[in-house]
Every structure is written in structure tokens, then in C-alpha cells.
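>>> sharing a model prediction with you, sequence too.
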Amino acid sequence: MKKSHAEILKRLRSACARIPDSSETVTFGHPAFQVSGKTYAVLEEYKGELSICVRVEKSVQDVFLDDARFYRTPYIGKHGWVSLKVYAAPLDWDEIAQLLAGSRELVAAQGRRRR
């Protein structure tokens, strides 16, 4: 059975709560999860497609884009962001936890380099 937007958000919140120093905010009308004020995950609907957006290394972004479940995140995809289509296939929350952790590390590392 297809999970509702609210159910997906609840599950995403739970996954992000396990990320050290994570906080939730709203950016551009979408629930977003941040570390040190830098966004590492967003739940958004784009052109009718509910997706979880995360940052990946630009060098491996194409690997994700070769998977039909992913697309380049609009506007910020050029910076290494990909979006996982929530309803394309059953969600693997272990995989999502890994994506979230990786995205958080990239964002945190970027913040450390800018100091």
C-alpha cells in the first residue's frame, strides 16, 4: 500500500533524528534537515513526484542517475544533489539511512572547509 506524504515524512524524521546534530526546518516550503545550518536532506514534491533529496559526491552522481529511482534534483543538482522517487519502488530505509549519513558528511565537510 502506498504510504502518505505524512507517513513518509514521519519515517524520514525518525531516520534523520539518528543523525548527529541534525535539526529540522522548512526551506522553500519543504521539510528540510540540516547540520550546522546546512541542508543535507529535503522531502519535496516536484512535478507531482514526492522525493527525498540528498547530496552525493559529484563524481558518483551519474551512478545514481543511472538508477531509474533517482533524478537530478532541480536547481541544485549541479552541486551533486539527487532525488529518490518515493513511489518508484518500495523504499529501503537502510539504504536511505546510508544516503542521509553520506549527505550529512558531505555538507558538514563543506562547512568545515569554509571556516
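Received it, and whenever you're ready, just let me know what you need.
>>> the strands in the chain, which residues?
Ranges of strands within the chain are 22-27, 30-35, 38-46, 49-55, 70-72, 81-85, based on DSSP state E.
>>> could you give the mean pLDDT of the longest helix along the chain?
Ordering each helix of the chain by length in residues (DSSP state H) puts helix 93-114 first. Helix 93-114 shows an average pLDDT of 88 in the prediction.
>>> remind me what it packs against, helices and strands.
Under the contact criterion of 3 or more C-beta pairs under 8 Å, 6 or more residues apart in numbering; DSSP states H and E, helix 93-114 touches helix 5-17, strand 30-35, strand 38-46, strand 49-55. For glycine as for every other residue, the C-beta is placed from the backbone atoms N, C-alpha and C.
>>> show me what counts as buried in it.
Buried residues in helix 93-114, counting neighbours by 16 or more other C-beta atoms under 10 Å, are found at 96, 99-104, 106-108.
>>> and what of stretch 58-73?
61, 64, 69-73.
>>> mind putting the residues you listed into JSON lines with pLDDT and distance to Glu49?
Shown next, in JSON lines, are these (pLDDT from 0 to 100; distance: C-beta to C-beta, whole Å):
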{"residue": "Gln61", "pLDDT": "97", "distance to Glu49": "18"}
{"residue": "Phe64", "pLDDT": "97", "distance to Glu49": "15"}
{"residue": "Arg69", "pLDDT": "97", "distance to Glu49": "11"}
{"residue": "Phe70", "pLDDT": "98", "distance to Glu49": "11"}
{"residue": "Tyr71", "pLDDT": "97", "distance to Glu49": "8"}
{"residue": "Arg72", "pLDDT": "97", "distance to Glu49": "13"}
{"residue": "Thr73", "pLDDT": "97", "distance to Glu49": "11"}
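>>> using CSV, list the CA coordinates for the lowest-mean-pLDDT helix or strand in the chain.
Counting by mean pLDDT, DSSP states H and E, the weakest-scoring helix or strand in the chain turns out to be helix 93-114, with a mean of 88. Output of helix 93-114 as CSV, limited to C-alpha atoms (Å, rounded to 0.1, in the frame of the first residue of the first chain):
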residue,chain,number,x,y,z
TRP,A,93,15.2,2.6,4.8
ASP,A,94,18.6,1.1,5.4
GLU,A,95,19.7,2.5,2.0
ILE,A,96,18.1,5.8,2.9
ALA,A,97,19.9,5.9,6.2
GLN,A,98,23.2,5.5,4.3
LEU,A,99,22.3,8.2,1.8
LEU,A,100,21.4,10.5,4.7
ALA,A,101,24.6,9.8,6.6
GLY,A,102,26.7,10.4,3.4
SER,A,103,24.9,13.6,2.6
ARG,A,104,25.3,14.9,6.1
GLU,A,105,29.1,14.2,5.9
LEU,A,106,29.4,16.0,2.6
VAL,A,107,27.6,19.0,3.9
ALA,A,108,29.5,19.0,7.2
ALA,A,109,32.8,18.7,5.5
GLN,A,110,31.9,21.6,3.2
GLY,A,111,31.1,23.7,6.2
ARG,A,112,34.5,22.8,7.8
ARG,A,113,36.4,23.7,4.7
ARG,A,114,34.8,27.2,4.6
